[in-house]
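Colleague: sequence and predicted structure are below.
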Amino acid sequence: MTVEVRLRHEFPGFVLDAAFALPHAGVTALFGPSGAGKTTVVNAIAGIFRPREGYIAIDGRTVFDSGAGIFLPAARRRAGYVFQDARLFPHMSVDDNLRFGWRRAPAKASEDEMERIVAMLGLAPLLSRRPRALSGGEKQRVALGRALLASPEILLLDEPLAALDAERRAEILPYLERLRDEARLPMLLVSHSLDEVARLADDIVVLREGRVALQGSVFDVLTRLELPSLAGAPPAGAVISATVGPPRQDGLIPLAFDGGSLLVARLAASQGRPVRVRIRAEEIMLAREEPKAISANNVLAGRILAVSGGDPADVQIACGPTRLVARITRASAARLELAPGLPVFAIVKSVTVDASA
Amino acid sequence: MDLSLSPADTGALLLSLRVSAVAVFGAFPVAFAAALLLARVNFPGKTLVDGLIHLPLVLPPVALGFLLLLIFGTRAPLGAFLLHVFGLRFVFNWTGAVLASAIITFPFQVRAIRLSLEAADRNLSLAAETLGAGWWDRLANITLPLALPGIVAGLITAFAASLGEFGAIITFVSNIPGETQTLPLAIYSALQSPGGEERAVRLSLISIMLALIFMVFAEFAQRRAREAA
């Protein structure tokens, strides 16, 4: 299940020239400031925009090849598309909306499969309603279900949360997490929110002015010091993949990761479960010597990889193979004489733990 | 004053309804195709085609009737051809009234259908495409149902306008009771004959009532269209 994308198209005053691959099932975030060409890339993959030059293959099937004159129409691409504005059909019930793509799919999902998706997205109570009677969050869930039931080979999500308020967003995110963990399908998530990306993505492609500026795993890209300037946003901080350990006698729960472990007081996930730990750059203090008699439970020993210029300064730290990023004032960086190669202690004030596959 | 309808009055009323119904429904497929072309396709000469379609709206109906006579008259090449090959005669025939009405009300239909097609969200059609729906599929299941209330409103308006057509019909197919004498023509005849005022009033009242009924229907359909949007 790989997706290969290579595109070139000249717009007045803007050139889109991007190449990337979605290596496997899971979420690849297409991230970048507005105007970077994210939606154009997604439309090209879906087949509702035809670039001048390029090549797109979904799971080994060439759907676009300008050199060979191949352009498969959108209706035959099997690319599920969830639009920012849901685009449910207003003259059909939720049930008919869900079945629209399902009826037209060459290999229909079984009724069992349909029930599973309806249950996963919590759509059962909505089936007989009209789209007009749904909230924004419910509409997006129906749109997700509708795209999934068309048995797509790739799922395209164009800022599915952008039109929602914080509350609705929080309502949808767990569904997207379940989708990522259960659907076994490559997903391309367009986003301009690093928090969203940190929570959902496995891989990140950073698009800037029509070009791929950075790409790699979420663990790597989010701690790269050039990200804030490329993204035009402060760093979200590091994402760490960890496993829930057995509770200790003092009640704290260890989260073991490659290069150390973190302690948390409360956790929804049970022992042995993989989790995704997010540590915001502002939540890390740095010390040159191991701090003793300190209230923080988490002090991680590491080594400085790089220090950014500017104020505040971002410091990239390696704890074994795991990367962290801390944001401190320029004055602190100067006082501590921080430089690449120095051993440091990262005092982690707080972490956020999300479910993971 | 006697307001009960004579058999001749009823005949004129029924003829009017029949002519308008056949004219509007017969022209609908052509009007729909024209509206679809204008709403969705850009082609050279589009402005000219648009202008030609709307011509009956600004052309004096009498001139149009005369034009039809020149084209479909039994001695005109096309008229003679249709008469001898298909046995089809428009002149002095109710089908001629249908043809004239269809052409006069064609722009009403095209306009209403085009506007509702343009108002039907293109993005929904794109969404349908990503879900595997081809062109005809999208037209039948997305665009048409979304445009339907507007289309119905257009049909009703065209029907009501057709009921009032006078100039083109009387010029093209003359004023023959029971054959081409629709309501407006019957009113005209009544006014031309001595003591016909009473009949003219009766027929006018019928016309007013019909017009009111259909405008209410059209308004209702338009409200539905706005609600759906």
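Modeller: Arrived safely, thanks for sending.

Colleague: so which bits of chain B are right by chain A?
Modeller: Residues of chain B lying close to chain A by CB under 8 Å from any CB of the partner chain are B:121, B:123-124, B:126-134, B:137, B:141-142, B:145-146, B:228. C-beta: built from backbone N, CA, C; applies to glycine.

Colleague: are any of those residues buried, and which?
Modeller: B:121, B:124, B:126-133, B:137, B:141-142, B:146, B:228 (16 or more other CB atoms under 10 Å in any protein chain shown).

Colleague: run through the helices of chain B in chain order.
Modeller: Read by DSSP state H, chain B holds these helices, from start to end of the chain: B:7-40, B:46-58, B:61-72, B:77-81, B:94-119, B:122-130, B:135-138, B:144-163, B:167-173, B:183-192, B:197-228.

Colleague: the second one packs against which elements?
Modeller: Spelled out, that is helix B:46-58. If you count contacts as 3 or more CB pairs under 8 Å, 6 or more residues apart in numbering or on different chains; DSSP states H and E, helix B:46-58 packs onto helix B:7-40, helix B:94-119.

Colleague: now these in JSON lines, with mean pLDDT and mean neighbour count?
Modeller: Shown next, in JSON lines, are the helices and strands packed on helix B:46-58 (pLDDT from 0 to 100; neighbours: other CB atoms under 10 Å in any protein chain shown):
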{"stretch": "helix B:7-40", "mean pLDDT": "93", "mean neighbour count": "18"}
{"stretch": "helix B:94-119", "mean pLDDT": "92", "mean neighbour count": "24"}
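
Colleague: with distance to residue B:72 added, can I get those in a markdown table?
Modeller: Putting the helices and strands packed on helix B:46-58 into a markdown table (distance: least, CB to CB, whole Å) gives the following:
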| stretch | distance to residue B:72 |
| --- | --- |
| helix B:7-40 | 15 |
| helix B:94-119 | 7 |
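
Colleague: secondary structure element for residue A:140, which one?
Modeller: helix A:136-149 (DSSP states H and E).

Colleague: I'd like the distance from that helix to the chain centre, please.
Modeller: What separates the centre of helix A:136-149 from the centre of its chain is 18 Å, taken as CA atoms, centre = their mean, to the nearest Å.

Colleague: who's in contact with residue A:34?
Modeller: residue A:192 (CB atoms under 8 Å, 6 or more residues apart in numbering or on different chains).

Colleague: and it, how close does it get to residue A:81?
Modeller: 19 Å (CB to CB, to the nearest Å).

Colleague: returning to that earlier point: let me have the helices of chain B in JSON lines, extended by distance to residue A:247.
Modeller: Below are those laid out as JSON lines (distance: least, CB to CB, whole Å):
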{"stretch": "helix B:7-40", "distance to residue A:247": "64"}
{"stretch": "helix B:46-58", "distance to residue A:247": "74"}
{"stretch": "helix B:61-72", "distance to residue A:247": "90"}
{"stretch": "helix B:77-81", "distance to residue A:247": "94"}
{"stretch": "helix B:94-119", "distance to residue A:247": "61"}
{"stretch": "helix B:122-130", "distance to residue A:247": "47"}
{"stretch": "helix B:135-138", "distance to residue A:247": "57"}
{"stretch": "helix B:144-163", "distance to residue A:247": "57"}
{"stretch": "helix B:167-173", "distance to residue A:247": "91"}
{"stretch": "helix B:183-192", "distance to residue A:247": "91"}
{"stretch": "helix B:197-228", "distance to residue A:247": "57"}
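
Colleague: ok, back up a step: list the helices and strands the following helix or strand past the helix holding residue A:140 packs on?
Modeller: Later in the chain than helix A:136-149, the nearest helix or strand by DSSP H and E is strand A:154-158. Packing contacts for strand A:154-158, counted by 3+ CB pairs under 8 Å, 6+ apart, involve helix A:38-46, strand A:79-82, strand A:186-191.

Colleague: how about the longest one: buried residues?
Modeller: Judged by neighbour count using 16+ other CB under 10 Å, the buried positions of helix A:38-46 are A:38, A:39, A:40, A:41, A:42, A:43, A:44, A:45, A:46.

Colleague: out of those residues, flag the one nearest to residue A:70.
Modeller: residue A:44 (13.3 Å; CB to CB).

Colleague: picking up where we left off before, could the helices and strands packed on strand A:154-158 be laid out in CSV, adding distance to residue A:131?
Modeller: Putting the helices and strands packed on strand A:154-158 into CSV (distance: least, CB to CB, whole Å) gives the following:
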stretch, distance to residue A:131
helix A:38-46, 21
strand A:79-82, 14
strand A:186-191, 22
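
Colleague: list the residues that contact residue A:265.
Modeller: Contacts of residue A:265 (CB under 8 Å, 6+ apart): A:251, A:252, A:253, A:297.

Colleague: hang on, the last one packs against residue A:253?
Modeller: In other words, residue A:297. No: with contacts counted by CB atoms under 8 Å, residue A:297 stays clear of residue A:253, the gap being 10.6 Å.

Colleague: pick out whichever of those two has more residues nearby.
Modeller: Ranked by neighbour count (other CB atoms under 10 Å in any protein chain shown), residue A:297 and residue A:253 place residue A:253 first, with 18 against 14.

Colleague: check contacts around the residue nearest to residue A:130 when sequence neighbours are not counted.
Modeller: Ranked by CB to CB, 6 or more residues apart in numbering or on different chains and with sequence neighbours excluded, the top spatial neighbour of residue A:130 is residue A:93, at 6.1 Å. Residue A:93 makes contact with A:127, A:128, A:129, A:130, according to CB under 8 Å, 6+ apart.

Colleague: burial measure for the last one, as a count.
Modeller: For residue A:130, the neighbour count with other CB under 10 Å is 16.

Colleague: what pLDDT is listed against it?
Modeller: pLDDT, residue A:130: 94.

Colleague: wait, it sits on residue A:96?
Modeller: No: counting by CB under 8 Å, residue A:130 stays clear of residue A:96, with 9.8 Å between them.

Colleague: on that earlier part again, and the two most separated of the buried ones among the residues of chain B next to chain A?
Modeller: Checking these with CB to CB, the most distant pair is B:132 and B:228, at 24.2 Å.

Colleague: for chain A, what are the low-confidence residue spans?
Modeller: A:1, A:234-236, A:357 (pLDDT under 70).

Colleague: flag every residue of it that's near chain B.
Modeller: Going by CB under 8 Å from any CB, the residues of chain A near chain B are A:46-48, A:73-81, A:83, A:85, A:87, A:89-91, A:100-101, A:104-105, A:146-147, A:150.

Colleague: just the buried subset of the residues you listed, please.
Modeller: The neighbour-count test (16+ other CB under 10 Å) marks A:46-48, A:74-75, A:77-81, A:83, A:85, A:87, A:89, A:91, A:100-101, A:104, A:146-147, A:150 as buried among the residues of chain A next to chain B.

Colleague: for residue B:123, give me its contacts.
Modeller: A:83, A:85, A:87.

Colleague: of those residues, closest to chain B?
Modeller: Set against chain B, the nearest of the contacts of residue B:123 by CB to the nearest CB is residue A:87 (4.0 Å).

Colleague: now residue B:121. Nearest residue, chain neighbours left out?
Modeller: Excluding the flanking residues, the one nearest residue B:121 by CB to CB, 6+ apart is residue B:146, at 7.1 Å.

Colleague: wait, that neighbour touches residue B:118, no?
Modeller: No: with contact defined as CB under 8 Å, residue B:146 does not count as touching residue B:118 (11.0 Å).

Colleague: hmm, residue B:146 and residue B:224 touching each other?
Modeller: No: contact between residue B:224 and residue B:146 fails when scored by CB under 8 Å: they sit 11.8 Å apart.

Colleague: angles on the backbone of the nearest residue to residue A:16 once chain neighbours are set aside, please.
Modeller: Spatial nearest neighbour of residue A:16, chain neighbours left out: residue A:210 (4.2 Å); criterion: CB to CB, 6+ apart. Main-chain dihedrals, residue A:210, degrees, to the nearest 10: phi 80, psi 0.
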